[in-house]
Each structure stands twice: as C-alpha cells, then as structure tokens.
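**Q** Next come a sequence and a model predicted from it.
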Amino acid sequence: MALEAKYKWLESEPGPIMIKKALELYDTTEIKGPVNNPVILKWAREVGGNVADIYKADEIAWCGLFIAVVAKRSSKQVVKDPLWALNWGTFGKFTDTAMLGDVLVFIRNGGGHVGLYVGEDAACYHVLGGNQSDKVCITRIEKKRLYAARRPNYNIQPANVRKIILSSSGQISENEA
C-alpha cells in the first residue's frame, strides 16, 4: 500500500472495518486494453448473485463492485444491484453529516459514483474508492455532487467515526467513469 503522505494516518486508525478492508485493496488497478485484472474479476464472483454474470471486464465501471466486496468482507449488507453506484443510496442508514467510513454516493455525467469518506475540506470530500483514475485510491470529489451519505449499520459504532477536516490540496476528480 502506497498511501500519499497526507493520508498515512489512516494506516493507524482502528476502524471502521470498511476502511480497513478497503485499504487492503489500495492501488488495485484496472488493466488497459483487452486484458482484465483477474483480482477485480474475482471480486464479482466473491460478491455473488448475478454480479459475476454481469461484470465481465474491468473496463466496466467498478466503483460499485469495489464497495460491494468491501461491504461483504466487512459483514455489511450489500445493496440490490450493487454495480449501479446510485443504488448505494439505500445502504445502511441516512446521515446528514458524513464521517469516517460512511458510504458517499455522487452524481456524475452518465450515472453515479460511490466511495468511502476519509475526510473533507471546504469544497470537497476525500473519497477512498475504486475506479478512481482506474484504480483504488483516494481522490477529492466536490461536495455539490453528493447524492447521499449513508452510515453502515453498526452493532456498536466505532469510537473513531468522526468528521475529519483535511487540507484542500490535490486534484479534484471530475469524472470517475
């Protein structure tokens, strides 16, 4: 895992579990051209249901697949039709204040995008997600694009679930397709 220096603090966070599981997949990258990353294709089989029947190539948007495999490995309920990012707007429970480990769903041209909250600055959320520059990484996404913030259902919410203010440095993502 090669986290940028400004996100290294995540390595010592005790949870939430979805952040820990997502970080285990950090830097997984889509392969350009006709060859597919077998790791990403394996996620579709791991999620189960009809996902493996639909998801056959890593050039298909895979942010929803990434969150589905992270949720499953974290013993969280995977939403119906998880490949469609906007469907993650039904995950867990609604929250009006995004915090560490929450699922954030965004609107983009041609659909949606989904990832995990790791922090925010004045204009953007810092999002740990898949299919961001064709890999699992952290990127900044404008707050005005937020469709829904959803908190995982916890038996006991981890003590470190909190709002995190970060510097506004770094490129802003404009399209995660």
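**A** Here it is on my side, so go on.

**Q** for L104, what are its contacts?
**A** Taking C-beta atoms under 8 Å, 6 or more residues apart in numbering, we find L104 in contact with A98, V114, G115, L116, Y117, Y125, V127, I141, L146, A148, A149, R150. The C-beta positions use only the backbone N, C-alpha and C, and glycine is treated the same way.

**Q** got the residue ranges for the strands in this structure?
**A** 93-94, 103-108, 111-120, 124-132, 135-142, 146-151, 172-173 (DSSP state E).

**Q** got a markdown table for those, with distance to A71 too?
**A** Shown next, in a markdown table, are these (distance: least, C-beta to C-beta, whole Å):
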| stretch | distance to A71 |
| --- | --- |
| strand 93-94 | 14 |
| strand 103-108 | 8 |
| strand 111-120 | 10 |
| strand 124-132 | 12 |
| strand 135-142 | 15 |
| strand 146-151 | 11 |
| strand 172-173 | 22 |
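
**Q** Tell me which of those strands approaches T28 most closely.
**A** strand 135-142 (4.6 Å; C-beta to C-beta).

**Q** so for that closest one, what's the average pLDDT?
**A** For strand 135-142, mean pLDDT rounds to 97.

**Q** for it, packing partners?
**A** If contacts are counted by 3 or more C-beta pairs under 8 Å, 6 or more residues apart in numbering; DSSP states H and E, strand 135-142 sits against strand 111-120, strand 124-132, strand 172-173.

**Q** Off-centre distance for the last one?
**A** Spelled out, it's strand 172-173. Distance, stretch centre to chain centre, for strand 172-173: 15 Å (C-alpha atoms, centre = their mean, to the nearest Å).
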